[in-house]
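Asker: 3D model of this:
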Amino acid sequence: MPKIAEIEDTPNPNAVKFLLKERLSWGAAKNYSSPGEAEEDDLAQKLFAIPHVCGVFYMDNWITVTQDGAADWPDLVRKVAQPIREAQAAVRPASMETKNGEDTPRLAAIRALLDAQIRPALMGDGGDLEIVSLEGNILCIRYYGACGSCPSSLAGTLHAIGSLVRTIEPEIEVIAV
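Answerer: Numbers count the residues shown, from 1 in each chain. Below is the predicted model of the structure:
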């Protein structure tokens, strides 16, 4: 049963990040925007059963819960802490594969740059991003967790990602999907 080590605010006023003493997953991110998406996930289902919870994102030893903006965080934190404490810790898989083996050299360079310079900051704030596609000079990314509904992700962070990626691919345009 994961114990909560710390609770952190995120830049998104509607999201809170819980740091755990045990892992919920091993490198596999789980992101849900509705109870229907979380049908196979017991923890996410229990969290969505709590009024005002509208998003669940977790990876390794942290979980970000997003609310609809109508709840008082101190009360909501107490309610969502219970199912998080009751969740089963993840068992380490025998082997862990990455998607990098499928990348073209161009996409691998962009992924490595984002992994080194952008994703750690987003994860620190309770979110993450995924490269959805690279077609021609259009790089499509998707935000998760606290970043998924945060105004600064959709403006400032997206601009920063574009500027960073253009240091290796000057013609690239980055869009959030």
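Asker: helices and strands of this protein: which one has the lowest mean pLDDT?
Answerer: Least confident helix or strand of the chain, by mean pLDDT, DSSP states H and E, is helix 151-152 with a mean of 71.
Asker: run the chain-centre distance for that one.
Answerer: 15 Å (Cα atoms, centre = their mean, to the nearest Å).
Asker: next SSE downstream of it?
Answerer: Going down the chain from helix 151-152, the next helix or strand is helix 158-165, by DSSP states H and E.
Asker: name the helices or strands packed onto the least confident helix or strand of the chain?
Answerer: The helices and strands touching helix 151-152, judged by 3 or more Cβ pairs under 8 Å, 6 or more residues apart in numbering; DSSP states H and E, number zero. Where C-beta positions appear, they are placed from N, C-alpha and C, glycine not excepted.
Asker: ok, and what's touching it?
Answerer: Residues outside helix 151-152 that contact it (Cβ atoms under 8 Å, 6 or more residues apart in numbering): Pro11, Asn12.
Asker: same thing but 6 Å
Answerer: For helix 151-152, contacts defined as Cβ atoms under 6 Å, 6 or more residues apart in numbering pick out Pro11.
Asker: how many neighbouring residues does Glu39 have?
Answerer: 10 (other Cβ atoms under 10 Å).
Asker: state the phi and psi torsions of it.
Answerer: When read as degrees, to the nearest 10, the backbone of Glu39 gives phi -50, psi -40.
Asker: please apply the same query to Asp9.
Answerer: phi -70, psi 160.
Asker: mind checking the SS state of the closest residue to it other than its chain neighbours?
Answerer: Leaving aside its sequence neighbours, Asp9 sits nearest to Val16 (Cβ to Cβ, 6 or more residues apart in numbering; 6.4 Å). Three-state call for Val16 (DSSP: H, G, I helix; E, B strand; the rest coil): strand.
Asker: check Glu171 too.
Answerer: Classified using three-state DSSP, Glu171 is coil.
Asker: so where's this protein shaky on pLDDT?
Answerer: 92-103, 153-154 (pLDDT under 70).
Asker: so which residues of this structure form strands?
Answerer: All strands of the chain, identified by DSSP state E, fall at 4-9, 15-20, 30-32, 53-59, 62-67, 127-135, 138-145, 173-176.
Asker: mean neighbour count and distance to Ala121 for these - can I get that in TSV?
Answerer: Converted to TSV, those look like this (neighbours: other Cβ atoms under 10 Å; distance: least, Cβ to Cβ, whole Å):
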stretch	mean neighbour count	distance to Ala121
strand 4-9	13	14
strand 15-20	21	13
strand 30-32	21	18
strand 53-59	24	15
strand 62-67	26	14
strand 127-135	17	9
strand 138-145	20	12
strand 173-176	16	16
